[in-house]
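Chemist: next input, structure requested:
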Amino acid sequence: MPRSEHRRTTGERFSLEARRFVDWADGSVSNDTLTAPIALRRVVALYAAALELPQPWIEGVSTQPEPEPVFFGARLAAVRSRAAAIPLQHYSEIFSPLVSAPEEPVVGDLADDLLDIYRDVAVGLQLYEAGRIDDAIWQWGFNFQLRWGKHASSAIRALHCYLAQEDPSGLSSTA
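Modeler: As a prediction, the model looks like this:
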């Protein structure tokens with residue numbers, strides 16, 4: 001498969017998962033309350049889809065930063081408000097597991113994690129839906145490596161630990 005075709009098909013697959021996440025997070029399709037089991041499933045699905053993205057760097061990607069759309073502030077506020085309904089909000093984590101000397105734990109914030117994931121994925125989705133596939137893949141892939149992937153992995157661990165302790169049924173397929 002030619003490189004451009006591969007980028008197009010992987011971009012399309014990721015865009016479908018991105019759309020599911022964005023619609024779920026901001027409530028644009030359903031205004032149902034966000035729950036920990038569904039949050040875990042949405043973030044895991046998005047993370048797994050991101051692992052299939054090609055390297056984001058390619059010729060032809062725009063060098064201009066994308067301005068956030070005018071309506072974006074309201075959507076970000078909706079995500080933060082909706083994320084506050086999840087019983088788990090703050091959790092402990094080690095900022096970097098790669099340091100050799102033990103670090104003091106820091107406090108993670110699940111609503112902040114979901115918001116940062118949403119911001120990076122939604123901007124890429126807007127680019128993708130405008131036909132700017134390479135720019136969208138760059139946005140998703142670069143920010144996955146730099147920022148939202150870290151937020152997603154922290155959220156996954158925190159949600160898993162929360163559900164294992166507080167609601168083990170949330171870790172099963174009947175949830």
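
Chemist: determine the longest helix present in this structure.
Modeler: For the chain, the helix with the greatest residue count under DSSP state H is helix 3-26.

Chemist: in that helix, which residues are buried?
Modeler: 7, 10-11, 14-15, 17-22, 24-26 (16 or more other Cβ atoms under 10 Å). From N, CA and C alone the C-beta is placed, and that goes for glycine too.

Chemist: residue 118 and residue 34, how far apart?
Modeler: Applying Cβ to Cβ, to the nearest Å, the value for residue 118 to residue 34 is 12 Å.

Chemist: okay, and the common contacts of the two?
Modeler: residue 25 (Cβ atoms under 8 Å, 6 or more residues apart in numbering).

Chemist: and the helices in the protein?
Modeler: Taking DSSP H as the criterion, the chain carries its helices at 3-26, 36-50, 72-83, 110-129, 133-143, 149-166.

Chemist: out of the ones you listed, flag the one nearest residue 173.
Modeler: helix 36-50 (9.8 Å; Cβ to Cβ).

Chemist: pLDDT of stretch 23-38, averaged?
Modeler: Here stretch 23-38 scores 91 as its mean pLDDT.

Chemist: how about residues contacting the longest helix of the chain?
Modeler: The contact list for helix 3-26 (Cβ under 8 Å, 6+ apart) reads 1, 28-30, 34, 38, 42-43, 45-46, 49-50, 52-54, 58, 75, 78-79, 82-83, 114, 117-118, 121-122, 124-125, 128-129, 133-134, 136-137, 140.

Chemist: quick one: it to helix 133-143, angle?
Modeler: In terms of direction (axes from the mean of the first three to the mean of the last three Cα atoms, to 10 degrees), helix 3-26 departs from helix 133-143 by 60 degrees.

Chemist: please render the helices of the chain as CSV that adds distance to residue 100 to the earlier fields.
Modeler: Shown next, in CSV, are the helices of the chain (distance: least, Cβ to Cβ, whole Å):
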stretch, distance to residue 100
helix 3-26, 35
helix 36-50, 27
helix 72-83, 34
helix 110-129, 26
helix 133-143, 28
helix 149-166, 19
